[in-house]
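Novice: With the input below, show me the fold.
(chains A, B, C and D)
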Number of protein chains: 2
Amino acid sequence: MTERARRPTLADVAARAGVSVALVSIVIRDAPGASAASRQRVLQAADELGYRPDTRARLLRSSRSRLLGVVFGVHHAFHGDLVTGLYTAADRAGYELALSAVTPQRDEGRAVASLMQDRCEALVLLGPHASTARLAELADRLPVVVVARAARHRALDVVRTADGMGLHQAVDHLVALGHRRITHVDGGRAPGAAERRRGYRDAMRRHGLDAEIRLLPGGLTEQDGAAAARALLDLEPRPTAVTVFNDRCALGVLDVLQRAGLAVPGDISVVGYDDSRLARLSHVKLTTIAQDTEQITTLAVTRAVDRLDGTPVTEREMVVAPRLVVRATTAPCTADRRGAGS
Amino acid sequence: MTERARRPTLADVAARAGVSVALVSIVIRDAPGASAASRQRVLQAADELGYRPDTRARLLRSSRSRLLGVVFGVHHAFHGDLVTGLYTAADRAGYELALSAVTPQRDEGRAVASLMQDRCEALVLLGPHASTARLAELADRLPVVVVARAARHRALDVVRTADGMGLHQAVDHLVALGHRRITHVDGGRAPGAAERRRGYRDAMRRHGLDAEIRLLPGGLTEQDGAAAARALLDLEPRPTAVTVFNDRCALGVLDVLQRAGLAVPGDISVVGYDDSRLARLSHVKLTTIAQDTEQITTLAVTRAVDRLDGTPVTEREMVVAPRLVVRATTAPCTADRRGAGS
DNA sequence: TTGAAAGCGCTAACAC
DNA sequence: GTGTTAGCGCTTTCAA
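Specialist: Okay, here's the model as predicted:
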């Protein structure tokens, strides 16, 4: 292998610019305390040498690492969205991200440990599996922000979507379109399912539709949706709209409905949850509830930074409003007007 | 915020164990040169203090960082598989991984730059977008292993799947099932697309099916697949089988096909590429071409380490054979027997 | 405005 | 076997 040149150091730049390393450090960090003239000289020298500061040495010396550790599931599509947002949020806040993946062969514990070793100042955990107690223990050592999962503990900051509100939005949207017989296909014991179920019920009641509340057991997958849809077809009278636990499940619902000869949204409207890529497919165009990843990630980083800065914060849990994304699977109700049905 | 205790250092452990820092260093690194007795004492002290070595200080001091930089696409499911394998391969080789994600807002250049700053010894780039020339330039500074993409340059190591062979396997499988009208939905300018396209053409010719060669523009996403499937539905006569650039794209194809009332594999067979988790879903059961991620990642790490160690290597390109995984989207061709339907 | 010098936590020579 | 010492590349007092 060819010999590679040693990377230039501050000292190299200093030598070339004819100044001290301390001065170079000031210039490179863009800190106050250097004349325009030296700034110029140093910058030019650095440029000519192709100088790049050594993050590790810098971190070692300064008490602050300005590093945010992020644990994410390597196969979790939604985590990809979150990581994307975290990068920009961290950037804005002047922090760097250290990524640590959870894989089938690398558990959360290892992922966290490696981040700790890297001297991250705070941890942002995406949908962590660890128990709240375990997480709280971690938070004893450094600020921990739990994202996209509930965790009630005075030591933990939590940022998550208001799933209940998501279902309120779905129901409100359908009611505004004139629907009354709105069924919910739930997510069983999946995380978030309980809150979405509750949100559906509450919203129905709020609209005085207590008598129309119908819950169908569903799940996370297309298959669960397909099964639920078959059950739905037997409902008498048939609902004119259905809210589904998530997009995948909604796809199964759509599939069975359409095969049964029902037009969507002509005969029946469908609302999903997640705004996953599936929902956006041009031939699916699923009306759905989108989680606000940008806000979630911004809040997560802001909160981590606040903890680090000692900024006093009141609520430990930050619940972000989801957003209704209207596409092509919802339309005004064409069934009999009120009074005729139920 | 509560005051957090300073993390214990080597010196703290040394003090507690009543030995020198050097000795502690030896014990912690599990290096030779310490008596069993001191080993025991030091380990116990470290344990009591909850000591964790500081990666950065360690890297700063030793000339070697034993850090492998990995650039991956945050939304690329297959990259998730590769990262998984890289972690274990690196672990085996005694290296750590530094992950740097490419997101819609963070390009490859930034991803690479941050890794360089972290003093990674070598770079493993998953399906990089940069030109070969640009990659070669990078390789001028440190060993670069390009994964899952072709790049012919004497300075670049490449580990990739024999994508051409993959399409041979797909076509052979379909031909063996009696199919002749086999169309290929390609990946456009995506890495690997050209070779898969070529593999498809070659395989068709090898079977004397020159006249049946049909290429449909596709891409990497479900969207692309959906669009291609719509084009495919207009083909006259309609193909009885289709090979698709990747699994995601194949999913879009499947969906449109099924919504159009075609049975898969009854009316048309579909073969994907990647054997991603999508393909394995129980309601999808996509026949696909599996890339040997374990071998790919092992080779990538091995090669990076060889470069670092100065081990002489002969070929710069390592091509791994893919494997056909037959699931439920391919079946014998029924075109002859078909009377009614669709 | 600039420079000298003292470390950050660790490893690697080299003594003892 | 064990301790002493000199840095890795950088930031940060503190003087000049």
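Novice: Stretch A:35-51: which residues count as buried?
Specialist: Buried residues in stretch A:35-51, defined by neighbour count with 16 or more other CB atoms under 10 Å in any protein chain shown: A:38, A:41-43, A:45-46, A:49, A:51. C-betas here are computed from N, CA, C, even on glycine.
Novice: which of those lies closest to residue B:176?
Specialist: Nearest to residue B:176, judged by CB to CB, of the buried residues of stretch A:35-51 is residue A:51 at 60.2 Å.
Novice: Which residues are in contact with the residue of the stretch 101-250 of chain A found nearest DNA strand D?
Specialist: Nearest residue of the stretch 101-250 of chain A to DNA strand D, counting by CB to the nearest atom of the strand: residue A:119, 12.6 Å away. Shown in contact with residue A:119 (CB atoms under 8 Å, 6 or more residues apart in numbering or on different chains): A:59, A:65, A:67, B:54-56.
Novice: What of residue A:239?
Specialist: A:181-183, A:214, A:232, A:268.
Novice: so which two of those are the farthest from each other?
Specialist: Maximum distance among those (CB to CB): 13.2 Å, for A:214 and A:268.
Novice: Neighbour count: these two, which is higher?
Specialist: residue A:268 (30 against 16; other CB atoms under 10 Å in any protein chain shown).
Novice: Would you mind confirming that the more buried one is in contact with residue A:244?
Specialist: No: checked against CB atoms under 8 Å, the pair residue A:268 and residue A:244 is beyond contact range at 11.7 Å.
Novice: And the contacts of residue A:119, which is closest to DNA strand C?
Specialist: Among those, and counting by CB to the nearest atom of the strand, the member closest to DNA strand C is residue B:54, at 3.6 Å.
Novice: doesn't residue B:12 make contact with that closest one?
Specialist: No: with contacts counted by CB under 8 Å, residue B:54 stays clear of residue B:12, the gap being 12.0 Å.
Novice: for chain A, what helix or strand is lowest in average pLDDT?
Specialist: The weakest-scoring helix or strand in chain A, judged by mean pLDDT, DSSP states H and E, is helix A:277-280 (a mean of 82).
Novice: Go ahead and name everything in contact with that helix.
Specialist: A:77, A:247-248, A:250-251, A:272, A:284-286, A:288, A:325, A:327, B:221-223.
Novice: now do 6 Å
Specialist: Here helix A:277-280 makes contact (CB atoms under 6 Å, 6 or more residues apart in numbering or on different chains) with A:247, A:251, A:272, A:286, A:288.
Novice: DNA strand D contacts on chain A?
Specialist: For chain A, the residues in contact with DNA strand D (CB under 7 Å from any atom of the strand) are A:6-7, A:9-11, A:21-22, A:25-26, A:28-29, A:31, A:51, A:53-54, A:57-58, A:60-64.
Novice: Only the buried subset of those, as a PyMOL command please.
Specialist: Selecting only the buried entries of these in PyMOL, with 16+ other CB under 10 Å as the criterion:
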select buried, chain A and resi 9+10+25+26+28+51+54+57+58+60
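Novice: Please name the nearest non-neighbouring residue to the closest residue to chain B within the stretch 101-250 of chain A.
Specialist: Closest residue of the stretch 101-250 of chain A to chain B, CB to the nearest CB: residue A:103 (3.8 Å). Excluding the flanking residues, the one nearest residue A:103 by CB to CB, 6 or more residues apart in numbering or on different chains is residue B:84, at 3.8 Å.
Novice: Quick check: the one you found touching residue A:106?
Specialist: No: with contact defined as CB atoms under 6 Å, residue B:84 does not count as touching residue A:106 (7.4 Å).
Novice: residue of the stretch 51-200 of chain A with the smallest distance to DNA strand C?
Specialist: Counting by CB to the nearest atom of the strand, the stretch 51-200 of chain A gets nearest DNA strand C through residue A:61, at 3.1 Å.
Novice: any low-confidence regions in the stretch 51-200 of chain A?
Specialist: For the stretch 51-200 of chain A, no stretch is flagged by pLDDT under 70.
Novice: Show me which residues of it are close to DNA strand C?
Specialist: Within the stretch 51-200 of chain A, the residues that sit near DNA strand C (CB under 7 Å from any atom of the strand) are A:57, A:60-61.
Novice: Name the nearest residue to residue A:97, ignoring sequence neighbours.
Specialist: residue A:90 (5.0 Å).
Novice: Compile the contacts of helix A:277-280 into JSON lines and extend it with columns for pLDDT, neighbour count and secondary structure.
Specialist: Putting those into JSON lines (pLDDT from 0 to 100; neighbours: other CB atoms under 10 Å in any protein chain shown; DSSP: H, G, I helix; E, B strand; the rest coil) gives the following:
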{"residue": "A:247", "pLDDT": "90", "neighbour count": "25", "secondary structure": "helix"}
{"residue": "A:251", "pLDDT": "87", "neighbour count": "25", "secondary structure": "helix"}
{"residue": "A:272", "pLDDT": "96", "neighbour count": "32", "secondary structure": "coil"}
{"residue": "A:286", "pLDDT": "95", "neighbour count": "27", "secondary structure": "coil"}
{"residue": "A:288", "pLDDT": "97", "neighbour count": "31", "secondary structure": "strand"}
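Novice: For those, name the two members farthest from one another.
Specialist: A:251 and A:288 (10.7 Å).
Novice: What are the boundaries of the helices in the stretch 151-300 of chain A?
Specialist: A:163-176, A:193-206, A:222-234, A:247-259, A:277-280, A:293-309 (DSSP state H, counting those that start in this stretch).
Novice: among the contacts of residue A:119, which are in strands?
Specialist: residue A:67 (DSSP state E).
Novice: Quick check: the gap between the closest residue to residue A:233 other than its chain neighbours and residue A:307.
Specialist: Among residues not flanking residue A:233 along the chain, residue A:260 sits closest, at 5.6 Å (CB to CB, 6+ apart). From residue A:260 across to residue A:307, the span is 53 Å (CB to CB, to the nearest Å).
Novice: of the two, who's got more company?
Specialist: Higher neighbour count among residue A:260 and residue A:307: residue A:307, with 19 against 13, using other CB under 10 Å.
Novice: How many residues are close by residue A:157?
Specialist: That count, for residue A:157 with other CB under 10 Å as the rule, works out to 25.
Novice: Pretty sure residue A:253 sits against residue A:231.
Specialist: No: look at residue A:253 against residue A:231 with CB under 6 Å: they stay out of range, at 10.4 Å.
Novice: Among those two, which residue is more densely surrounded?
Specialist: Using other CB under 10 Å, the more surrounded residue of residue A:253 and residue A:231 is residue A:253, with 31 against 14.
Novice: Next up, the contacts around that one.
Specialist: Contacts of residue A:253 by CB under 6 Å, 6+ apart are A:225, A:229, A:244.
Novice: what do you get for residue A:264?
Specialist: Counting by CB under 6 Å, 6+ apart, residue A:264 touches A:257, A:270, A:329.
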